[in-house]
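**Student:** sequence and computational prediction follow.
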Amino acid sequence: MAKKRVRSRFAPSPTGQLHIGGVRTALYAELLARQADGDFLLRIEDTDQSRFVPGATENLCRTLKRLGIVPNEGVWTDDNDQIIQRGDFGPYIQSQRKEKHQAYAKQLVDMGKAYYCFCSEERLEQMRQQQEITKQPTGYDGTCRKIDPAEAQKRVEAGEQYVIRLKLPKEGSVTVEDVIRGKVTFDWKLIDDQVILKRDGMATYHLASMADDHDMGITHVTRAEEWLPSTPKHIFIYEAMGWELPIFAHLPQLVNADRSKLSKRQGDVSAESYLEKGYLPEALINFLALLGWNPKADQEIYSHDELVELFDLSKINKAGAFFNTEKLNWFNNHYLRQKPVDEYFALVEPHLPDDEKDIDFKRRVALLFRERLNLPSEIKDLSSFMFESTLDYSKVNLTWKDHIKEEALERLKAAKAWIESMNESLVLDVKTTEETIKNKIKDNGWGNGDTLWPLRVALSAQEKSPSPFELMAAYGQKRTIKRIDDALAYLVK
RNA sequence: GGCGCCUUCGUCUAUCGGUUAGGACACCAGGUUCUCAACCUGGUAAGACGGGUUCGAUUCCCGUAGGCGCUACCA
C-alpha cells in the first residue's frame, strides 16, 4: 500500500489570544508535516458561538505569521489582514460545516449509534446537583436512550427541541493507541453518552473535530493531553462511521511553576505578549520546541529548519513542562547577539531616546550593550546615562579606592590631553584607544586602576559600566571631552 | 468521589538492564579585568517511596504517595 501523505493540523478556537502552549502544539504539527513533506493546515473551531471573540482569528494568524509557523492549507489571512481559505477540503471554519456535521449526526442516529435526547438543561442540571450531593458519579442518566427511535423521530418532526447523544457501549473497554503514551484502556461503562449535536444545531467538539479531521484527510491528530480521556468517544465515532483511525498523539501540557495547567493567572500565556515584550520568534520557537522534546541533548540551539529535520513525535516526553522564562531569556540573548547589526539595531532603536539625532552614535551605543541584553527594551536603563547632557557625579566616587582627589584630577587632565591629541577616527576605534591610553599610563608610571577608574566614572557616573575605552569609542572625541570637563569641574568645586 | 495520565539535579532534559547518571539554564567559585557584562575553567545539585523480576535496576512489573488532567448542549 502506498504511504499516505502526512496531513496534520492546528485547530484552535477563536476565543482570544494565541496561548503559548498552542504555539507549541501548532509547531509540532507543522514540524511533523514539513518533515514528511506533507500538509499542515489551520482549521478554526468555532462551534461554541458564545465564546467567539471577533478578530481572534485574524489575530491568531498574525501571531503565527510572526512566529514563522505557516500552514499551506486552510484558514489564513491575506496581506490586508482579511481571512481567506485555501485548499480542496474546505470550508476550514467549523461553523461553516454545520450542515455536514448535522448530516453525520443523523447518520449516526440512523445507524443506532446515537439518539435524540429531549431532556431539558434544567433537568440535567438538577440531576447533576443531586448526583453531587449523594456523591454519585455525575453523568447522564440515560432517560432518552430508552425512547423508541420511531417515537423519537416523531417528536423531532413535531418540532420538539433536542440534542443528539452518542449511544456508547455500556460494557467492555476500549484501548486508545497513542504514539506518546502507548496503549491506554478505558471502561465503556464509565463514559457518558456525550452530546455531539447541540440544541442550536451546532456540533460539539467531539463530532465536529472528528468529522473534519476525517473529511480533511488528517493522518496525525496532535492535541493537548487533556483530550486523552475523551478519545474513546472519538474512536467510537470513527469506528461507527467506518473511518480509518488517525494516529493520535497527546502532547504533554505546559505548566505553571506549581505544576498546574499553564494559566493566565500565574503569568503571561499569550504568545503575542511575548513577541511584544521583545522575545524573538526564533528564540520562542527554539525554546518551545525543546519543552517536552529533545533531539540530541548536547545541543541547545536549533533553527526552525533543523527542527523540521530532527523532529520525532515518538520521542516526545510524557510529563508536563514548566515554561521557564529564565532559559527563554538566555535563548533570546543568544539570538539577539547573532542578528546582523542592522536588524539588531532596528530592534533596539525604538528604546533609545527620540531626541538624540546622531544615528551613528545611537548605533554605537546599541552595539555596546548588545551582549548584556535579554530583551531589546533593557537597553534603555543600561544606556540612558550615555544620552544625558550632564551627569550627576554626587552618587559615585571619581577616585580609585582610597586614593586622593588630587590624583583623580591629575589623571583626568592627562587623559583629556591624550584624547585631544588623537583624531576622531582613532578615538572611535576601541583597540587604538585602549592601546594609546594604556601606553600613556605606562609612560607616566601610573597604574591602570587609579587612572582608568576615574576616567570610566567620569564618562559614566556609574559604579558599573562598559570599559572606558568602549565608552570613549561610543561617545567619540567631542562627547568624551565634554564628560571629562564636567567631571573635572565637579572635582574642583 | 470516579476514571486516566505523569514522576531523573531548582528548571528543561539525555539514558532505550551494566554509565564516575551526561548536557543546558540558573546558582556558586576561580581566571581575565579599572568596575560590570561577556568570555574561559571548575563546582554544588537528581532517579518520589516500598516491594518484586534479574547476576545486575533510573531503566521491566506491582503497589503506595504526590502532582496534574478529565468528569459541560466549552474547547
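**Tutor:** Done, it's in. What you are looking at is a predicted structure, and each value in this text was computed from that prediction instead of being measured.
**Student:** so how far is stretch A:15-22 from its chain's centroid?
**Tutor:** In terms of Cα atoms, centre = their mean, to the nearest Å, the centre of stretch A:15-22 is found 8 Å from the chain centre.
**Student:** what is the end-to-end distance of it?
**Tutor:** Its first and final residues considered, stretch A:15-22 spans 12 Å by Cα to Cα, to the nearest Å.
**Student:** pLDDT (mean, whole number) over that stretch?
**Tutor:** Here stretch A:15-22 scores 94 as its mean pLDDT.
**Student:** which parts of it are buried?
**Tutor:** A:16-22 (16 or more other Cβ atoms under 10 Å). Where you see a C-beta, it was placed from the backbone N, CA and C, and this is true even at glycine.
**Student:** with stretch A:265-285 instead?
**Tutor:** Buried residues in stretch A:265-285 (16+ other Cβ under 10 Å): A:269-272, A:274-275, A:278-285.
**Student:** so is it next to RNA strand B?
**Tutor:** No - contact of stretch A:265-285 with RNA strand B (Cβ under 7 Å from any atom of the strand) is absent, the minimum separation being 10.9 Å.
**Student:** contacting residues around the closest residue to A:Thr390 other than its chain neighbours?
**Tutor:** Using Cβ to Cβ, 6 or more residues apart in numbering and skipping the chain neighbours, the partner closest in space to A:Thr390 is A:Asp486 (5.8 Å). Residues near A:Asp486 by Cβ atoms under 8 Å, 6 or more residues apart in numbering: A:390-391, A:393, A:458.
**Student:** does A:Asp486 count as helix, strand or coil?
**Tutor:** helix (DSSP: H, G, I helix; E, B strand; the rest coil).
**Student:** show me which residues of the stretch 101-250 of chain A are close to RNA strand B?
**Tutor:** Near RNA strand B, when you scan the stretch 101-250 of chain A using Cβ under 7 Å from any atom of the strand, you find A:119-121, A:124, A:128, A:135, A:137-140, A:163, A:181-182, A:184-187, A:190, A:192, A:194-195, A:198-200, A:202, A:204-205, A:208-209, A:225-230.
**Student:** so which of the residues you listed are in helices?
**Tutor:** A:121, A:124, A:128, A:205, A:208-209 (DSSP state H).
**Student:** which one (most neighbours) among these?
**Tutor:** Highest neighbour count within these: A:Ala208, with 26 neighbours (other Cβ atoms under 10 Å).
**Student:** for A:His403, see how far away that residue is.
**Tutor:** Note on A:Ala208: its distance to A:His403, by Cβ to Cβ, to the nearest Å, is 77 Å.
**Student:** low-scoring pLDDT stretches of chain A, where are they?
**Tutor:** A:1-2 (pLDDT under 70).
**Student:** look up phi and psi at the nearest residue in space to A:Trp227 that is not next to it in sequence.
**Tutor:** Nearest residue to A:Trp227, sequence neighbours excluded (Cβ to Cβ, 6+ apart): A:His250, at 6.2 Å. When read as degrees, to the nearest 10, the backbone of A:His250 gives phi -100, psi 110.
**Student:** cool, A:Tyr335 as well?
**Tutor:** The phi/psi pair for A:Tyr335 (degrees, to the nearest 10) is phi -70, psi -30.
**Student:** how many other residues sit next to the residue nearest to A:Trp227?
**Tutor:** A:His250: 23 neighbours (other Cβ under 10 Å).
**Student:** residue contacts, it?
**Tutor:** A:178, A:180-181, A:223-225, A:227-228, A:231.
**Student:** can you redo these as TSV with neighbour count?
**Tutor:** Converted to TSV, the contacts of A:His250 look like this (neighbours: other Cβ atoms under 10 Å):
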residue	neighbour count
A:Asp178	18
A:Ile180	20
A:Arg181	16
A:Arg223	19
A:Ala224	17
A:Glu225	18
A:Trp227	16
A:Leu228	18
A:Thr231	20
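**Student:** ok but A:Tyr116 is inside a helix, no?
**Tutor:** No - assigned with three-state DSSP, A:Tyr116 falls outside any helix and is strand.
**Student:** go ahead and confirm it touches A:Glu151.
**Tutor:** No - if you go by Cβ atoms under 8 Å, A:Tyr116 and A:Glu151 don't touch, sitting 9.6 Å apart.
**Student:** could you export stretch A:234-252 as PDB, CA atoms only?
**Tutor:** Only the C-alpha atoms of stretch A:234-252 are listed here, as PDB (Å, rounded to 0.1, in the frame of the first residue of the first chain):
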ATOM      1  CA  HIS A 234     -13.700   9.800  19.200                       C
ATOM      2  CA  ILE A 235     -12.700   6.300  18.400                       C
ATOM      3  CA  PHE A 236     -16.300   5.300  18.700                       C
ATOM      4  CA  ILE A 237     -17.300   7.900  16.100                       C
ATOM      5  CA  TYR A 238     -14.600   6.800  13.700                       C
ATOM      6  CA  GLU A 239     -15.500   3.200  14.000                       C
ATOM      7  CA  ALA A 240     -19.200   3.700  13.800                       C
ATOM      8  CA  MET A 241     -18.700   5.700  10.600                       C
ATOM      9  CA  GLY A 242     -16.200   3.200   9.200                       C
ATOM     10  CA  TRP A 243     -13.500   5.700   9.000                       C
ATOM     11  CA  GLU A 244      -9.800   4.900   9.200                       C
ATOM     12  CA  LEU A 245      -8.300   5.900  12.600                       C
ATOM     13  CA  PRO A 246      -5.700   8.600  12.500                       C
ATOM     14  CA  ILE A 247      -2.500   8.400  14.600                       C
ATOM     15  CA  PHE A 248      -3.200  10.100  18.000                       C
ATOM     16  CA  ALA A 249      -0.500  12.000  19.900                       C
ATOM     17  CA  HIS A 250      -1.500  13.600  23.200                       C
ATOM     18  CA  LEU A 251       1.100  16.200  23.900                       C
ATOM     19  CA  PRO A 252       2.200  16.900  27.500                       C
END
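**Student:** how much space between A:Ser263 and A:Ser270?
**Tutor:** From A:Ser263 to A:Ser270 the distance is 12 Å (Cβ to Cβ).
**Student:** re earlier: mind checking which of the contacts of A:Asp486 are in helices?
**Tutor:** Going by DSSP H, the helices hold A:Ala458 from the contacts of A:Asp486.
**Student:** of all the contacts of A:Asp486, which comes closest to RNA strand B?
**Tutor:** Using Cβ to the nearest atom of the strand, A:Ala458 is the member of the contacts of A:Asp486 that sits closest to RNA strand B, with 10.5 Å.
**Student:** done for today, thanks.
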